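**Q** Structure of the sequence below:
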Amino acid sequence: MIGKNRKSIIASAAAALMLTAGTVSFAVGFYRNAPREDTSVGIEHREAILPEISAEGLLAEDSSTPEKEDTSSRKDESSSPESTPDTEDNSRPAYDDNSGSANNDTSAAVIRTEYSQEDTSPEDSQPPATIVHEADDATAPAKTTPDGREADREYFTTSIVNGETVSDSTYFFTVTHLVENLETVHCDVEVNGSLMTGFAGRVHLREGANTIRVSCTYKDADNKVYRAFRDYTVYLSSPAAEIVTDLSDCEVYDPGFTFTARCDDGLEVRLNGSLIAGKDSFTVTLSEGENMIKLTSGDTSLEFSVTYIPVRTLAIITDLCDCTVYTDSITFSAKAVGGNSPKLSVQVNGKALRGSETFTAPLNEGDNTIRLLAWDGSDKTEQTEQTFTVTSLSGIDESRLPHLVSISLSDNISVKGSAYTLTLTAADCDGVRLYSDNIQVICGNTVPCKWEDASCTGYILKLHGGENTVTVKLRDRVGRQSEFCYNINCETAEAGEEVGRIQISVSADLIGLGTLCESDSFPVLEGETGFDTVVRFLEENGYEVSYRGSASSRYLARISMAGRFAGAELTDAAKAYLAGAGVVPNGSRDDDSLGEFDYAAGSGWMYSRNGKKPAYAMTSAVFADGERIALVFSLDMGNDIGGE
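**A** Okay, the predicted model is just below:
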């Protein structure tokens, strides 16, 4: 009897356990199959307008579907193109602070995993998700996945250049979807293992190597789901301090050696380990043999080998050679060394040329003979000479020379302050644009190119008080050269002193707020960048400013004032633009501030300069007297506002 009761108790307990397990299994299945909302994101498509996407209930599954892996485990699967999870996670992490602009497509997503879901109702039991393989298209070109396996098609491309090195921590790229009959459900981006759902065109990189994974999910008319991803590596190398010098590895024949070197961030100069005093120009005494000159500023260091070779026999040292030039003169260096009080004479086409170590020779059109003769001052019988042929093509048709299409400089202008923004566009005789590698700008020293975009090449000139000579040299692909010279009269100013006035305005028309603040005459101060000027204007009008980036590349992220942005909403024109561009408003807003990612994923503050939208940051600009500056709130990375 006791044995029977024990069996009855055990049977009852087993039944209760099975009932509990069934209830838990049903609850888990109901939770997994419950409909979820997906937030659509604004992604560039080949179609003009995207169809409305609704992923509710799209990826329902039964209890046989494996659990979703976390992002850390997915990082190790980048070489396995079809290792995508079978379930869809509709939760989203907080969006990172990214936005962007388009580049050229350079890589294609060729990784394909497909799922079939015929019924997504949470009340019905679901069959296990199955992989659907479409019939091969014999006419389609073969594609290759990152691990070398072939795939059936490309689903998307991006403008990321795999393996490239960039200097800006904000990295812009686009995603272009290629299969028109598939609806885009998700486009997610992972940067260094951190998932960013709802890509908005830009990501932030850390110093060194960065891994970027782009993952896209699509569905077709039969609710089959297709997933594709591609992995990239992009390297960030932040710009170092800039040291400007005329030093190079060389051999010299005189122990007295002079060179120039400067750096705006301070400079230490050492010869063979010993500190050398001076500023900008340095004269040192070399030891016989190799000498090491080291220039250091912060983490930046340049080292040069200068070898002093004493000359004990008579010789001529010169940089002249047989050559062809496109000018009517040539400048070269020449000196006699060795012997006892060596002397040098220079003749051009039989006529003596005056000079001391540096000579400028006038040339006739065609061939010219330049003769260098050296002799010993105490023994005139000891002589040596060198003869060169220089061909001048200065009579060439000037219409075949490279020329300036435009330049923001005229001769004999007067400016106040130590900085001047120079922009220019150059072209050869066929109208083909010349870029910075074919342009040399000299203002005291060679001026490095500060930026280059589709419209111009830009430089920041460092001026000294008084007259400054600016020389622009152009060289085309076949060696034709032209040169342009300008004078700038500079009035010096103390740090913080007013050097000009600009027109400036801040507006948010697309959300109905109009002009937030403006001035027809706002001062620009000595030592300021364009970013400094704009921030000072906003703060003087009561706004707090938030920004990101380093001191040399700051980005204005948000402005704040209590209650100033209450009541703002998208205008009808803004809604129409977003609909036409396929951008879905995200509903994000704040009564007390306005900045990036408000109202739409690609929103943020953009600036224009004299009606044009520059491709360079405000920290790379120095505003000049009389310029017009506008800070405008954009919903779509500047594409929805005026300006070229």
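**Q** Can you tell me the SS state at the most centrally placed residue in the chain?
**A** Nearest to the geometric centre of the chain sits residue 168, at 5.2 Å (C-alpha atoms, centre = their mean). Following DSSP: H, G, I helix; E, B strand; the rest coil, residue 168 is assigned to coil.
**Q** Pop out the phi and psi values for it.
**A** Per-residue torsions, residue 168: phi -100, psi 130 (degrees, to the nearest 10).
**Q** For it, give me its contacts.
**A** Contacts for residue 168 were tallied using C-beta atoms under 8 Å, 6 or more residues apart in numbering; they are residue 553. Where C-beta positions appear, they are placed from N, C-alpha and C, glycine not excepted.
**Q** Residue 213 versus that one, what's the distance?
**A** Residue 168 is 21 Å from residue 213, where distance means C-beta to C-beta, to the nearest Å.
**Q** Same question for residue 406.
**A** 43 Å.
**Q** Which segments of the protein make up each domain?
**A** 71-236, 244-308, 315-392, 398-491, 498-634 (automatic domain parsing).
**Q** mind putting these in CSV, distance to residue 640 included?
**A** Output for the domains of the chain, formatted as CSV (distance: least, C-beta to C-beta, whole Å):
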stretch, distance to residue 640
domain 71-236, 13
domain 244-308, 38
domain 315-392, 48
domain 398-491, 19
domain 498-634, 5
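**Q** Which one of residue 406 and residue 213 is surrounded by more residues?
**A** residue 213 (20 against 11; other C-beta atoms under 10 Å).
**Q** How confident is the prediction for the residue nearest to the more buried one when sequence neighbours are not counted, by pLDDT?
**A** Counting by C-beta to C-beta, 6 or more residues apart in numbering, residue 190 is the residue found nearest to residue 213 once chain neighbours are left out, at 4.1 Å. At residue 190, the predicted lDDT confidence score is 92.
**Q** can you count the residues close to residue 190?
**A** 21.
**Q** Ok, residue 587 next?
**A** 9.
**Q** and stretch 509-525, C-alpha only, in PDB?
**A** Below are the C-alpha coordinates for stretch 509-525, written out as PDB (Å, rounded to 0.1, in the frame of the first residue of the first chain):
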ATOM      1  CA  ASP A 509      14.500  77.200 -40.700                       C
ATOM      2  CA  LEU A 510      13.700  73.500 -41.300                       C
ATOM      3  CA  ILE A 511      12.200  73.200 -37.800                       C
ATOM      4  CA  GLY A 512      10.300  76.500 -37.900                       C
ATOM      5  CA  LEU A 513      12.600  78.500 -35.700                       C
ATOM      6  CA  GLY A 514      14.000  80.800 -38.300                       C
ATOM      7  CA  THR A 515      17.000  83.000 -37.400                       C
ATOM      8  CA  LEU A 516      18.300  82.300 -33.800                       C
ATOM      9  CA  CYS A 517      20.800  85.100 -33.700                       C
ATOM     10  CA  GLU A 518      22.700  87.300 -36.200                       C
ATOM     11  CA  SER A 519      25.100  90.300 -36.500                       C
ATOM     12  CA  ASP A 520      26.000  92.500 -39.500                       C
ATOM     13  CA  SER A 521      29.300  93.400 -37.900                       C
ATOM     14  CA  PHE A 522      30.900  90.900 -35.600                       C
ATOM     15  CA  PRO A 523      34.700  91.200 -34.700                       C
ATOM     16  CA  VAL A 524      37.300  88.600 -35.700                       C
ATOM     17  CA  LEU A 525      40.200  88.500 -33.300                       C
END
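**Q** gap between the spatially closest residue to residue 526 that is not a sequence neighbour and residue 625?
**A** The shortest distance from residue 526 to any non-neighbouring residue, by C-beta to C-beta, 6+ apart, is to residue 493 (4.1 Å). For residue 493, the distance to residue 625 equals 12 Å [C-beta to C-beta].
**Q** ok so, going back, could you check how many residues crowd around the residue nearest to residue 526?
**A** Residue neighbour count, defined by other C-beta under 10 Å, stands at 18 for residue 493.
**Q** Quick check: end-to-end length of stretch 459-468?
**A** One end of stretch 459-468 to the other measures 15 Å (C-alpha to C-alpha, to the nearest Å).
**Q** Buried residues in it, which are they?
**A** 459, 460, 461, 462, 463, 468 (16 or more other C-beta atoms under 10 Å).
**Q** Over to stretch 362-378?
**A** Buried, per 16+ other C-beta under 10 Å, within stretch 362-378: 363, 368, 370, 372, 373, 374, 375, 376.
**Q** Shouldn't the third one be within a helix?
**A** Yep, that's residue 370 we're talking about. No - Residue 370 is assigned strand when assessed by three-state DSSP, not a helix.
**Q** roughly how far apart are it and residue 201?
**A** Residue 370 is 59 Å from residue 201, by C-beta to C-beta.
**Q** you'd agree residue 619 is in a strand?
**A** No - assigned with three-state DSSP, residue 619 falls outside any strand and is helix.
**Q** That one - how many residues pack around it?
**A** Neighbours of residue 619 (other C-beta under 10 Å): 18.
**Q** Check the secondary structure at the closest residue to it other than its chain neighbours for me.
**A** Spatial nearest neighbour of residue 619, excluding adjacent residues (C-beta to C-beta, 6+ apart): residue 531 at 4.5 Å. For residue 531, the assignment made with three-state DSSP gives helix.
**Q** what sits against residue 531?
**A** 547, 554, 556, 617, 618, 619, 621 are the contacts of residue 531 under C-beta under 8 Å, 6+ apart.
**Q** let's see it at 10 Å
**A** 545, 547, 549, 551-556, 607, 617-621 (C-beta atoms under 10 Å, 6 or more residues apart in numbering).
**Q** Tell me which of the buried residues of stretch 459-468 fall in strands.
**A** The strands, defined by DSSP state E, take in 459, 460, 461, 462, 468 from the buried residues of stretch 459-468.
**Q** export these to CSV and tack on distance to residue 301 and pLDDT?
**A** What follows is those, written out as CSV (distance: C-beta to C-beta, whole Å; pLDDT from 0 to 100):
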residue, distance to residue 301, pLDDT
459, 25, 93
460, 24, 92
461, 26, 94
462, 22, 93
468, 30, 95
